[in-house]
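Undergrad: Build the 3D model from these lines:
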Amino acid sequence: MQDRPNKPKNNRLSLGAIAGIVVAALVIGGGASWLTYRTLTALQTPSAPTIPQGEGPEKPLSSEESVQIYWLGDRGQRLELLPASIAVQKSANKQEKVEIALKSLLSGQTTASESTAIPEGTKLLGVTTEKDGVRVNLSKEFTTGGGTASMTGRLGQIIYTATSVEPNSQVWIDVEGQPLELLGEGEGLIVDQPMTRQNFEENFEL
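TA: Residues are numbered from 1 along each chain as shown. I've put the predicted structure just below:
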(Lines give C-alpha, C1' and ligand atoms only; values in the text may rest on other atoms or scores of the structure.)
Protein backbone atom coordinates (compact mmCIF):
# COMPACT_ATOMS: atom_id res chain seq x y z
CA MET A 1 0.00 0.00 0.00
CA GLN A 2 1.36 3.26 -1.00
CA ASP A 3 1.55 5.95 1.56
CA ARG A 4 -0.82 8.81 0.84
CA PRO A 5 1.00 11.99 0.37
CA ASN A 6 0.56 14.40 3.25
CA LYS A 7 -1.95 17.17 2.43
CA PRO A 8 -0.52 20.61 2.75
CA LYS A 9 -1.76 22.47 5.78
CA ASN A 10 -4.55 24.88 5.10
CA ASN A 11 -3.12 28.37 5.76
CA ARG A 12 -6.38 30.09 5.07
CA LEU A 13 -8.38 31.37 8.01
CA SER A 14 -11.89 30.19 8.33
CA LEU A 15 -14.69 32.59 7.59
CA GLY A 16 -15.70 32.58 11.27
CA ALA A 17 -12.24 33.67 12.38
CA ILE A 18 -12.16 36.47 9.83
CA ALA A 19 -15.57 37.68 10.94
CA GLY A 20 -14.41 37.68 14.56
CA ILE A 21 -11.36 39.76 13.75
CA VAL A 22 -13.44 42.28 11.81
CA VAL A 23 -15.94 42.63 14.65
CA ALA A 24 -13.15 43.09 17.18
CA ALA A 25 -11.53 45.77 15.02
CA LEU A 26 -14.81 47.61 14.69
CA VAL A 27 -15.41 47.47 18.43
CA ILE A 28 -11.91 48.72 19.23
CA GLY A 29 -12.09 51.42 16.55
CA GLY A 30 -15.52 52.55 17.70
CA GLY A 31 -14.36 52.76 21.31
CA ALA A 32 -11.34 54.80 20.33
CA SER A 33 -13.53 57.16 18.28
CA TRP A 34 -15.93 57.59 21.20
CA LEU A 35 -13.08 58.40 23.59
CA THR A 36 -11.65 60.88 21.09
CA TYR A 37 -15.06 62.58 20.70
CA ARG A 38 -15.52 62.84 24.47
CA THR A 39 -12.05 64.32 24.88
CA LEU A 40 -12.61 66.93 22.15
CA THR A 41 -16.04 67.81 23.55
CA ALA A 42 -14.56 68.33 27.01
CA LEU A 43 -11.86 70.58 25.57
CA GLN A 44 -14.29 72.62 23.47
CA THR A 45 -16.97 73.10 26.15
CA PRO A 46 -15.98 75.98 28.46
CA SER A 47 -16.62 75.26 32.10
CA ALA A 48 -18.83 77.60 34.10
CA PRO A 49 -16.87 80.04 36.27
CA THR A 50 -16.67 79.00 39.88
CA ILE A 51 -18.23 81.52 42.25
CA PRO A 52 -16.75 81.33 45.75
CA GLN A 53 -19.29 80.38 48.38
CA GLY A 54 -20.88 83.38 49.99
CA GLU A 55 -20.26 85.63 47.00
CA GLY A 56 -22.92 86.47 44.45
CA PRO A 57 -23.07 88.63 41.36
CA GLU A 58 -22.69 92.32 42.02
CA LYS A 59 -25.98 94.21 42.33
CA PRO A 60 -26.43 97.30 40.17
CA LEU A 61 -25.94 100.53 42.08
CA SER A 62 -29.19 102.36 42.84
CA SER A 63 -29.70 105.81 41.36
CA GLU A 64 -31.92 106.79 44.31
CA GLU A 65 -31.46 107.68 47.95
CA SER A 66 -33.89 108.52 50.74
CA VAL A 67 -34.75 111.71 52.59
CA GLN A 68 -37.07 112.08 55.55
CA ILE A 69 -40.38 113.85 55.82
CA TYR A 70 -42.10 114.24 59.18
CA TRP A 71 -45.65 113.34 60.13
CA LEU A 72 -47.27 113.45 63.56
CA GLY A 73 -48.04 110.46 65.75
CA ASP A 74 -50.37 110.32 68.74
CA ARG A 75 -48.70 109.34 72.01
CA GLY A 76 -51.81 109.72 74.14
CA GLN A 77 -51.23 112.95 76.02
CA ARG A 78 -48.93 114.44 73.41
CA LEU A 79 -47.81 114.29 69.79
CA GLU A 80 -44.49 113.19 68.35
CA LEU A 81 -42.73 113.78 65.05
CA LEU A 82 -42.53 110.59 62.97
CA PRO A 83 -39.95 110.34 60.18
CA ALA A 84 -40.94 108.64 56.92
CA SER A 85 -38.57 107.96 54.03
CA ILE A 86 -39.21 109.00 50.45
CA ALA A 87 -36.98 108.33 47.43
CA VAL A 88 -35.15 111.06 45.54
CA GLN A 89 -32.58 110.92 42.77
CA LYS A 90 -28.97 110.95 43.94
CA SER A 91 -28.21 113.34 41.11
CA ALA A 92 -30.60 115.97 42.55
CA ASN A 93 -28.96 118.89 44.33
CA LYS A 94 -29.73 119.85 47.93
CA GLN A 95 -32.39 122.41 47.04
CA GLU A 96 -34.21 119.96 44.76
CA LYS A 97 -34.21 117.29 47.47
CA VAL A 98 -35.63 119.71 50.06
CA GLU A 99 -38.28 120.87 47.59
CA ILE A 100 -39.35 117.29 46.83
CA ALA A 101 -39.55 116.52 50.56
CA LEU A 102 -41.66 119.59 51.36
CA LYS A 103 -44.05 119.00 48.46
CA SER A 104 -44.50 115.40 49.56
CA LEU A 105 -45.24 116.61 53.09
CA LEU A 106 -47.79 119.18 51.91
CA SER A 107 -49.59 116.52 49.86
CA GLY A 108 -50.85 115.14 53.18
CA GLN A 109 -50.80 111.49 52.09
CA THR A 110 -50.47 109.83 55.49
CA THR A 111 -51.01 106.27 56.72
CA ALA A 112 -53.44 105.17 59.43
CA SER A 113 -50.80 105.66 62.14
CA GLU A 114 -49.75 109.11 60.92
CA SER A 115 -51.38 112.52 60.76
CA THR A 116 -50.51 116.06 59.77
CA ALA A 117 -51.30 119.40 61.36
CA ILE A 118 -50.62 121.36 58.19
CA PRO A 119 -53.92 122.77 56.89
CA GLU A 120 -55.24 121.34 53.64
CA GLY A 121 -54.50 123.56 50.67
CA THR A 122 -51.17 124.83 51.99
CA LYS A 123 -48.82 125.30 49.04
CA LEU A 124 -45.07 125.60 48.69
CA LEU A 125 -44.48 128.94 46.97
CA GLY A 126 -40.72 128.63 46.99
CA VAL A 127 -37.67 127.16 48.67
CA THR A 128 -34.01 128.09 48.49
CA THR A 129 -30.99 126.54 50.16
CA GLU A 130 -28.03 128.76 50.95
CA LYS A 131 -24.87 128.49 53.00
CA ASP A 132 -26.58 129.82 56.11
CA GLY A 133 -29.70 127.65 55.86
CA VAL A 134 -33.03 126.98 54.15
CA ARG A 135 -35.68 129.55 53.27
CA VAL A 136 -39.23 128.28 52.84
CA ASN A 137 -42.13 130.34 51.47
CA LEU A 138 -45.63 128.96 52.18
CA SER A 139 -49.13 130.06 51.19
CA LYS A 140 -51.44 131.78 53.69
CA GLU A 141 -53.35 128.55 54.42
CA PHE A 142 -50.45 127.49 56.64
CA THR A 143 -51.53 129.96 59.34
CA THR A 144 -55.23 129.05 59.46
CA GLY A 145 -57.15 126.96 62.00
CA GLY A 146 -56.14 124.74 64.88
CA GLY A 147 -55.10 125.28 68.47
CA THR A 148 -51.71 125.50 70.10
CA ALA A 149 -50.89 121.80 69.67
CA SER A 150 -51.80 121.90 65.98
CA MET A 151 -49.75 125.02 65.31
CA THR A 152 -46.75 123.61 67.19
CA GLY A 153 -47.03 120.36 65.28
CA ARG A 154 -47.15 121.99 61.84
CA LEU A 155 -44.22 124.23 62.70
CA GLY A 156 -42.17 121.20 63.73
CA GLN A 157 -43.14 119.31 60.58
CA ILE A 158 -41.84 122.11 58.36
CA ILE A 159 -38.62 122.66 60.33
CA TYR A 160 -37.69 118.97 60.49
CA THR A 161 -38.58 118.23 56.87
CA ALA A 162 -36.74 121.32 55.59
CA THR A 163 -33.61 120.13 57.43
CA SER A 164 -33.84 116.48 56.39
CA VAL A 165 -30.82 116.83 54.08
CA GLU A 166 -28.75 118.79 56.62
CA PRO A 167 -30.22 118.31 60.12
CA ASN A 168 -28.19 121.16 61.66
CA SER A 169 -29.33 123.77 59.13
CA GLN A 170 -31.23 126.92 60.08
CA VAL A 171 -34.72 127.50 58.68
CA TRP A 172 -36.49 130.74 57.77
CA ILE A 173 -40.24 130.49 57.14
CA ASP A 174 -42.14 133.06 55.09
CA VAL A 175 -45.88 133.20 54.44
CA GLU A 176 -46.83 134.82 51.14
CA GLY A 177 -43.32 136.29 51.02
CA GLN A 178 -43.44 137.82 54.51
CA PRO A 179 -41.44 136.50 57.51
CA LEU A 180 -43.57 134.39 59.84
CA GLU A 181 -43.52 136.09 63.25
CA LEU A 182 -46.77 134.94 64.80
CA LEU A 183 -48.45 131.63 63.96
CA GLY A 184 -52.19 131.69 64.62
CA GLU A 185 -54.60 134.39 65.70
CA GLY A 186 -54.75 136.06 69.10
CA GLU A 187 -51.90 134.96 71.32
CA GLY A 188 -50.70 132.35 68.83
CA LEU A 189 -47.13 131.12 68.70
CA ILE A 190 -44.27 133.59 68.54
CA VAL A 191 -41.79 132.39 65.94
CA ASP A 192 -38.22 133.62 66.37
CA GLN A 193 -36.25 133.15 63.19
CA PRO A 194 -34.12 131.50 62.03
CA MET A 195 -35.16 128.24 63.67
CA THR A 196 -33.32 124.96 64.13
CA ARG A 197 -34.30 121.53 65.37
CA GLN A 198 -32.52 122.25 68.62
CA ASN A 199 -34.29 125.51 69.47
CA PHE A 200 -37.63 124.01 68.43
CA GLU A 201 -37.14 121.24 70.99
CA GLU A 202 -36.06 123.77 73.61
CA ASN A 203 -38.91 126.26 73.09
CA PHE A 204 -41.89 124.16 71.99
CA GLU A 205 -43.60 121.08 73.38
CA LEU A 206 -45.74 118.83 71.23
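Undergrad: next one: phi and psi at the nearest residue to Thr152 once chain neighbours are set aside?
TA: Among residues not flanking Thr152 along the chain, Phe204 sits closest, at 5.0 Å (Cβ to Cβ, 6 or more residues apart in numbering). Any C-beta I mention is one placed from the backbone N, CA and C, and that applies to glycine too. Here is the backbone geometry of Phe204 (degrees, to the nearest 10): phi -130, psi 150.
Undergrad: Distance of Phe204 relative to Trp71?
TA: Distance, Phe204 to Trp71, by Cβ to Cβ, to the nearest Å: 17 Å.
Undergrad: Comparing those two, which residue is more hemmed in?
TA: More neighbours surround Trp71 than the other of Phe204 and Trp71, with 24 against 17 (other Cβ atoms under 10 Å).
Undergrad: On the three-state scheme, the more buried one is what?
TA: Recorded secondary structure, Trp71: strand (DSSP: H, G, I helix; E, B strand; the rest coil).
Undergrad: so it bridges to which residues?
TA: Note on Trp71: beta-bridge partners by DSSP bridges are Leu82.
Undergrad: got a list of what it touches?
TA: By Cβ atoms under 8 Å, 6 or more residues apart in numbering, the contact list for Trp71 reads Leu81, Leu82, Ala84, Thr110, Glu114, Ser115, Thr116, Gln157.
Undergrad: Just confirm the fifth one contacts Pro83, I think it does.
TA: Looking back up the chat, that one is Glu114. No - with contact defined as Cβ atoms under 8 Å, Glu114 does not count as touching Pro83 (10.4 Å).
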